[in-house]
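In: curious how this folds, go ahead:
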Amino acid sequence: MHNLADVLYQKLLLDLESHIDLQPSGWTVDSTPKEAACYALRASLLKKFNELDNPPHDACVAALEKFRRVNEKCLKWEFCPELRWEEEVLNLVRDTVASFWYGDNGPLVSDYRQCFVEGKPGPGASLGTRSKDFYSKFFDSALSATPDLIPTWDQCVVGNDLFYEAELLRAVRHGTKAVTASKYSFVNKTRTVARGICTEPSVNMWMQLGTGAILTRRLKSFFGIDLSNQPDKNRELARQGSIFESFATIDLESASDSMSNKMLRWLLPRSFFGVLKSLRCPTTELPSGEVLELNMVSTMGNGFTFPLQTMIFSSVVMAVYKYFGLPFTRATSCTLGSYGIFGDDIIVVTRAAHFVERVLNLLGFVVNSDKSFVEGPFRESCGADYFLGFNVRGVYIKRLKTLQDLFVAINLLNRWSAKSQVFLPECVTYLLGFIRNPERFLVPPYEDDAAGLHVPRRMIPNAYINKSHRFHTGGHHYRSHVPHPSVLTVEDGVILFGRRVERTWINNPGLLITLLFGGIRRGRITLRQQEVRYKTKRCFTSTWCDAILRPLEEPPGASSIKHFVNACETNFVSLVSEA
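Out: Prediction:
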């Protein structure tokens, strides 16, 4: 696969050489949006490519070294403003956080039962559980928790009769394990640096997510930030900033790991910090077996990390705006507001950018200068890269191991071509060469990227249509690849995996709770798969038309249909010749 990726990159350079000078490392302020898009694609195409399921060893080593540095930096944090305005703004930040925590009826969390009621299972693994599904983790496995949290959990469970009954059955069979450390591991991020995450104990994760839900709801009422739609607002603010330079985008390095205990002890009200500290793991076990004491309150993998950092950064922005007399306008359903915060994706008015960056530095955060943009025609936020108002974001191909990987790569490249009007026949034809009889896998453009090759109707080969794809109704049959989930089936007092009996003991109250949480549908518990399997499904459509293509970002008045058709007809050279 390394050879495949290297050849693909060379094909890309052949496609781009007529549009850009391949020598510069990237765009300049004199570049056009089309040129900026070409440079972005060149940089992104193989940035996250990895033919292995796990990150390379060197990438894991780099991630661990970075994690150690950040953890050591957290230990050394001190409150040390140098100028008077810095001290005054930091105190305003502290006051803002206090106002956030103390509502009209007292603190947001005054009883751990609030976190329990709002809690839920995380989507990933937890320490000591037999599977990743809700039922297996909480009702048919040994629960894990930090020692001080076990009696708290027991008191919370007692207040819910159904949960209490399920917990009694589970505890008798499996017990509860006290742990003091989360488990540090790696997942793919880029080719050079992996992403480190901490797998939390199951009880801690439930309570952390409950706390995160409470913070998320407060974010909406206090700051006007709705995490469910904030990415769309951030992208629009970034687009406007790239045109008018009215907004700056700020990105941080290792923001999740930089919320130090010392800083939060100073910043947060005592009860707020106490809740967070009681739900975290004080240490983490590294892959080598070493146990590392954590000087940060949360890490990637902690259930309240994301809303907590959104709250902190929003408080910083509000304090800076207030101190310097800038309008702090909250977003509504109809307006964007004067700022946008989504995790460590921060957007502020340009005049405030340098002040916000300085306050963040004083709180122990490090601004990523490579991904922060205050001046010039480029802004980046929430997965969108805007250059003079055009989304020039490239395509990230993560792997090319399966047929579905090839479908995804080809569809992404074709949509990029339609958006940028830079065609990639060398790239797409090269990838198409690994698909035997590609005309068998043509699907409408509104299907999932992994379902098949997206093409407009006019590109279906005539011979192929006449053979089996046209009815007198004018509709078309096609074959779509759809995920085939692994499931546990509850049937006749046993739990089956496929046709094999996997478990003969069933926690019936736990099954009912899982059903109420939406974890059981049609008698099946869907399991999270490491490797998604696909099956072929015969589909019929009467709307395989070009008028319902997913929207493309382009100049006003341009035809997305025309651009998509042009991109497919140019990139799919071999298919066009057969049509």
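In: point to the helix or strand of this structure where mean pLDDT is at its lowest.
Out: helix 462-468 (a mean of 51; mean pLDDT, DSSP states H and E).
In: name the next helix or strand downstream of that helix, please.
Out: strand 476-483 (DSSP states H and E).
In: what is the rounded mean pLDDT of that following strand?
Out: Strand 476-483 comes out with an average pLDDT of 90.
In: now for that strand, which elements pack on it?
Out: If you count contacts as 3 or more CB pairs under 8 Å, 6 or more residues apart in numbering; DSSP states H and E, strand 476-483 packs onto helix 403-420, strand 442-443, strand 534-541. In this view, the C-beta of every residue, glycine as well, is placed from N, C-alpha and C.
In: and the protein, what are its domains?
Out: Domain ranges of the chain: 2-45+394-483+534-578, 77-129+189-391, 486-527, per automatic domain parsing.
In: most tightly surrounded among these?
Out: For these, the largest average neighbour count (mean count of other CB atoms under 10 Å) is found in domain 77-129+189-391, namely a mean of 19.
In: report the beta-bridge partners for Asp385.
Out: Glu380 (DSSP bridges).
In: tabulate the domains of the chain (TSV), appending distance to Pro56.
Out: Below are the domains of the chain laid out as TSV (distance: least, CB to CB, whole Å):
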stretch	distance to Pro56
domain 2-45+394-483+534-578	11
domain 77-129+189-391	7
domain 486-527	28
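In: out of these, nearest to Ala59?
Out: domain 77-129+189-391 (4.2 Å; CB to CB).
In: quick check: mean pLDDT of the closest one?
Out: 95.
In: start and end of that domain, how far apart?
Out: End-to-end distance of domain 77-129+189-391: 38 Å, with CA to CA, to the nearest Å as the criterion.
In: in TSV, list the helices and strands packed on strand 476-483 along with distance to Leu46 and mean pLDDT.
Out: Output for the helices and strands packed on strand 476-483, formatted as TSV (distance: least, CB to CB, whole Å; pLDDT from 0 to 100):
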stretch	distance to Leu46	mean pLDDT
helix 403-420	11	95
strand 442-443	26	92
strand 534-541	24	90
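In: could these go into CSV alongside distance to Glu426?
Out: Listed next are the helices and strands packed on strand 476-483 as CSV, based on distance: least, CB to CB, whole Å:
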stretch, distance to Glu426
helix 403-420, 11
strand 442-443, 21
strand 534-541, 28
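In: can you say which of these is nearest to Arg436?
Out: helix 403-420 (9.4 Å).
In: from the contact counts, what lies against whichever helix or strand comes after the closest one?
Out: Sequence order places helix 425-432 as the next helix or strand after helix 403-420, per DSSP H and E. If you count contacts as 3+ CB pairs under 8 Å, 6+ apart, helix 425-432 packs onto helix 2-16, helix 403-420, helix 560-571, helix 573-578.
In: beyond whichever strand or helix holds Arg358, next helix or strand please.
Out: Arg358 belongs to helix 353-362 when assigned by DSSP H and E. Downstream of helix 353-362, the first helix or strand assigned by DSSP H and E is strand 366-367.
In: give the pairing partners of that following strand; include direction for each.
Out: Strand 366-367 is paired, per DSSP bridges, with strand 252-253 (antiparallel).
In: ok, and what's touching the helix or strand that the partner strand is followed by?
Out: Under the assignment DSSP H and E, the closest C-terminal helix or strand after strand 252-253 is helix 261-267. With contacts defined as CB atoms under 8 Å, 6 or more residues apart in numbering, helix 261-267 is touched by 74-75, 77-79, 93-94, 97, 273, 276-277, 295-297, 312, 363-364.
In: contacts only, for the residue lying closest to Leu169 once chain neighbours are set aside.
Out: Nearest residue to Leu169 in three dimensions, chain neighbours excluded: Asn507, at 4.9 Å (CB to CB, 6 or more residues apart in numbering). Asn507 makes contact with 135, 139-140, 166, 169-170, 173, according to CB under 8 Å, 6+ apart.
In: against which helices or strands is the top helix by length along the chain packed?
Out: Ranked by number of residues, the top helix in the chain under DSSP state H is helix 202-222. Secondary structure elements in contact with helix 202-222, counted by 3+ CB pairs under 8 Å, 6+ apart, are helix 84-101, helix 112-118, helix 134-139, strand 143-145, helix 149-158, helix 270-279, helix 305-323.
In: nothing else from me, thank you.
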